[in-house]
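> Predicted model and sequence follow; I will ask about them next.
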Amino acid sequence: MRLAEGDKVPAFKLPDQEGTVHELKEYEGKWVVIYFYPKDNTPGCTKEACNFRDNIKPIEKLGAEVIGVSTDSVKKHSNFVAKYDLPFTLLADEEQKMVNDYGVWGLKKFMGREYMGTNRMTFIVDPKGKIAKVYPKVKAATHGEEVLEDLKTLTA
């Protein structure tokens, strides 16, 4: 199942990098950027996280929060946050519920090998909990900037 613009986002309840549990209802009335990525401390995922980090102040000025999601553990997220000074929430979806609910878990190919994993995708969620924008293809190194530009239009 793929989510589309206008769809209500599925609820979630997952721990962050500190073990604190977050739920969708905490974000009601806010703009939220939910970005899914494959794995902490890999080249593309690090570029993407750091690009969001470098754009977090203007994103927050627009009233939006950023949440990263992968199937890595709380401990791996904690190390990733500390290593790159990431100022936003990373949710640990170790049981793959959220990646399945959001339709980002699927077949991937790398160096001629096929396997199941998290596809890099992002959703901008409006204050009513509906999807305002979907990014099915993401350029990791500049994605935070792209999201910021779209948020400027969406929140205007």
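It's in. Residues are numbered from 1 along each chain as shown.
> residue ranges with poor pLDDT in the protein?
Residues of the chain meeting the criterion pLDDT under 70: 1.
> ok, now how distant is the residue sitting nearest the centre point of it from residue 112?
For the chain, the residue sitting closest to the mean C-alpha position, by Cα atoms, centre = their mean, is residue 35 at 1.7 Å. For residue 35, the distance to residue 112 equals 27 Å [Cβ to Cβ, to the nearest Å]. For glycine as for every other residue, the C-beta is placed from the backbone atoms N, C-alpha and C.
> ok, the spatially closest residue to the residue nearest to the centre of the chain that is not a sequence neighbour to residue 68 distance?
Excluding the flanking residues, the one nearest residue 35 by Cβ to Cβ, 6 or more residues apart in numbering is residue 122, at 4.2 Å. Per Cβ to Cβ, residue 122 is found 10 Å from residue 68.
> Now do the shared contacts for those two.
35, 36 (Cβ atoms under 8 Å, 6 or more residues apart in numbering).
> rewinding a little: which secondary structure element contains the residue nearest to the centre of the chain?
With secondary structure defined by DSSP states H and E, residue 35 is part of strand 31-36.
> and that strand, what does it pack onto?
Other elements packing on strand 31-36 under the criterion 3 or more Cβ pairs under 8 Å, 6 or more residues apart in numbering; DSSP states H and E are helix 43-54, strand 64-70, strand 121-125, helix 143-154.
> Between helix 143-154 and it, find me the angle.
Counting by axes from the mean of the first three to the mean of the last three Cα atoms, to 10 degrees, strand 31-36 points 150 degrees away from the direction of helix 143-154.
> what sits up against strand 31-36?
Contacts of strand 31-36 (Cβ under 8 Å, 6+ apart): 9, 48, 52, 59, 62-70, 99, 102, 104, 118-127, 132, 138, 143, 147, 151, 154-155.
> So how do I select the buried members of these in ChimeraX?
Buried residues among the contacts of strand 31-36 (16 or more other Cβ atoms under 10 Å), as a ChimeraX selection:
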select :9,48,52,59,64,65,66,67,68,69,70,99,102,104,118,119,120,121,122,123,124,125,126,132,138,143,147,151,155
